[in-house]
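>>> coords please:
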Amino acid sequence: MALDLAKLKKGQRTGLKTPVSPLEELRTSPDQDFSFGRQSVRIRTTDLPGRGHIALSFWVNGRPLDEITASFCIEDTSPSDCTDSSVTSNYGFHGVDSLRLGSSSSQPDGALTFVQLESTHLFGVFRCNTCSDWKLDEYVSWPLEDSPATLAAYLVNSTLHSFEKAAEKGDDAQFEATGKSLFNLLFPRPGLARDRFIHFIAARYSHNVTGSTAPSLFVRLLPDNDLETFMVPLSLMWVPVKAENDNFLGLHFRVESPLDRQDYTAPSQCLSNWVLLTPPRGTKRPELDRLLERADAGLHLLRGVSRERRLDDPAKFGEWVGTSNDPIADVVLVLGHHDHDMIFFNQDDETPAVLSTAIERIFPRPSLAILAACGTGKPGAADFVRRFNYHGINSVIATSVSVDAGLAGAFVSTLVAIIKNHPNETIGAAHFDAVKALARKDAFRDQALIFNLMGNGNLRLCLPAAAADQ
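Numbers count the residues shown, from 1 in each chain. Predicted coordinates:
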C-alpha cells in the first residue's frame, strides 16, 4: 500500500483530530486528513442476504495491536434484504454476550479467539472486558502448536474420545484428567497468557451462580478456510484455579459460541411451535427404553404438541425437514441415535434414518434446535448443526461426544421443567441451569457438560398452549 508521506508528516507536526466514526467520515469524503493511503481487496460473501460485518485485525510479531469492524449490506435482489429486524454483532476480539444485547454493554466478561494467520499457524487471543486494569484494546496472545485442521483432528481422535470413554465407564478421574489435557492443548506453554487467563477465571469462580448471574466467556475459532463447523468444547476444560474438584469451566461460566451464520434477533414472543422426533414406545431396545424413561417428565409437559408435530419415524422426519409446507416450527427437539450425520433409532442396522442432507426447510428467524443425540456437535460429525443453521436456525443445543441415553432423556426433562417453571428465562440461562442441576446428581455429575449451546442464547421458549398450565 502506498502512503502519502507528506500528509503523514504534516499530521505528525500539527496533530490530528480523529472523528468518532472514521469509516462513516471516509464514506462521506474519502480525502480526510487522517487518511494516508488506500488499499482495495475483494471480499467473497456467503449466499445469505442480510447485514454482515467485516473485521480487520492488525498484527505485529504474533500480537494483535488493533482491529476495525465495519457493517455492510449483502444484497440478493433488493436493499430491503437489510431493512428487516435481524440483529448481528460486529464483536471482533471483544466477543458478544447474547444475553446482554440491548443493555449498556453487549460484551461478555471475557473472549477467547483462536485465529489462523497462515496455513500452519494458529494463535490464541484472550481479551478481558470487565478487568479494570485492562486498556480498551489490550489483548494477550500466544501461539498454539497445531493448525486448525490438526487441532480438530486431535480433539476428535484424542480429547473427545477420552471424554467419551470416561463417560461410558463413569470414570470421574479420567474425565477430569481429560479436562486438564484440554486446557494444556489450548494453553500449551506457561507464560503471561496462561497466567492472565487463570487469574480471570479465579477472580470470577463461584459455585453459587445461576444462568442469570454467571459470568460469560465467548469462544470461537477463525480458520482461513471453510473448515467444517465444530465447537471448541470449552465447557469441558478444567482450569487449575483452586485445589478442589469441579473446576470445569461450564459449571461456573456461561460459554458463548457463535454459529457460522449468526443472527442475534430476539423475538417479541416466546418460541412455542414445537416439532418432536422421539422413539416410539415398545421398541424392546434397552437404551431407548432408558431414554424414554428419563425423558418422560419432559415429554409429559410437551403433551400439548399436536399429533402431526409428534414424529416417531426418522424417515417421516426426513420428509418433514425436506419440505417448506406447514406446520411452521421454531423449536425442533430430536431424541435418538446419531452417527455419520444420520439420526436413527435402530442401533443395529441404522435404518430407517434421516441424513443431514435431507434438510431443505427454511426455518423462521429466530428458531432453536435441541439435538439430544450422540455427538451432534462433534468435529467431523456436526453437519446437522451446520445445515440447520444454514436453513435459518440460529441457536442449537448439541452434544460434543456420545451421550448416555439416560443422560439425554434427563437433560430434556430438566430443561423443559425449567422452561415451564421460569417462563421468562432465556435459553442461555436455562441451558446453564439444566447442566448444573444434572451435574449435582451422582448418576451424571460432570458428564452433563457434554451438552453445549451454540448461537443466540437470548431466546425464550414456552410450552405449547394446551400444556402450559398442566
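
>>> Going by C-alpha atoms from here, please, whenever you check contacts or count neighbours.
Noted.

>>> For the stretch 201-350 of the chain, which segments are assigned as strands?
Read by DSSP state E, counting those that start in this stretch, the stretch 201-350 of the chain holds these strands, from start to end of the chain: 216-222, 254-256, 274-277, 310-311, 331-335, 337-339, 342-344.

>>> Of all these, which one is nearest residue 296?
Across the strands of the stretch 201-350 of the chain, the minimum distance to residue 296, taken as Cα to Cα, is reached by strand 331-335, at 11.8 Å.

>>> Report all helices and strands that that closest one contacts.
Under the contact criterion of 3 or more Cα pairs under 8 Å, 6 or more residues apart in numbering; DSSP states H and E, the helices and strands touching strand 331-335 comprise strand 274-277, strand 368-372.

>>> still on that earlier bit, identify, out of the strands of the stretch 201-350 of the chain, the most deeply packed stretch.
Greatest average neighbour count among the strands of the stretch 201-350 of the chain goes to strand 254-256 (a mean of 27), per mean count of other Cα atoms under 10 Å.

>>> Sheet partners, orientation included, of that strand?
Strand pairing for strand 254-256, determined by DSSP bridges: strand 216-222 (parallel).

>>> what's the average pLDDT for the strand it pairs with?
Mean pLDDT, taken over the full extent of strand 216-222, equals 91.

>>> So which residues make contact with that strand?
95-97, 108-116, 231-232, 234, 253-258 (Cα atoms under 8 Å, 6 or more residues apart in numbering).

>>> Tell me how far it lies from the chain's centre.
Here strand 216-222 is found 8 Å from its chain centre; the criterion is Cα atoms, centre = their mean, to the nearest Å.

>>> again, but for stretch 343-351
The chain centroid and the centroid of stretch 343-351 are separated by 28 Å, computed with Cα atoms, centre = their mean.

>>> Could you report the neighbour count for the closest residue in space to residue 438 that isn't next to it in sequence?
In space, and not counting its chain neighbours, residue 438 is closest to residue 448: 6.0 Å by Cα to Cα, 6 or more residues apart in numbering. Residues near residue 448, counting by other Cα atoms under 10 Å, number 28.

>>> now residue 95
Residue 95 is flanked by 27 other residues according to other Cα under 10 Å.

>>> What of residue 374?
Other residues lying near residue 374 total 24 when counted by other Cα under 10 Å.

>>> Three-state assignment for the nearest residue to it once chain neighbours are set aside, please.
Of all residues beyond its chain neighbours, the one nearest residue 374 is residue 402 (4.0 Å), with distances taken as Cα to Cα, 6+ apart. Three states are possible here, and by DSSP: H, G, I helix; E, B strand; the rest coil the one that applies to residue 402 is coil.

>>> With the one 4 residues further on instead?
Residue 406 carries the three-state label helix when classified by three-state DSSP.

>>> And the one 10 residues further on, by the same measure?
Remark: residue 416 carries the secondary structure label helix [criterion: three-state DSSP].

>>> so how many other residues sit close to it?
Residues near residue 416, counting by other Cα under 10 Å, number 25.

>>> Distance of the closest residue in space to it that isn't next to it in sequence relative to residue 330?
Counting by Cα to Cα, 6+ apart, residue 298 is the residue found nearest to residue 416 once chain neighbours are left out, at 5.4 Å. Going from residue 298 to residue 330 by Cα to Cα, to the nearest Å gives 18 Å.

>>> Same check on residue 113?
Separation of residue 113 from residue 330 (Cα to Cα): 30 Å.

>>> Quick check: which element contains residue 177?
Per DSSP states H and E: residue 177 is located in helix 172-186.

>>> elements contacting that helix?
Packed against helix 172-186 by the contact rule (3+ Cα pairs under 8 Å, 6+ apart) you find helix 161-169.

>>> Distance from the helix it packs on to the middle of the chain?
Using Cα atoms, centre = their mean, the offset of helix 161-169 from its chain centre is 23 Å.
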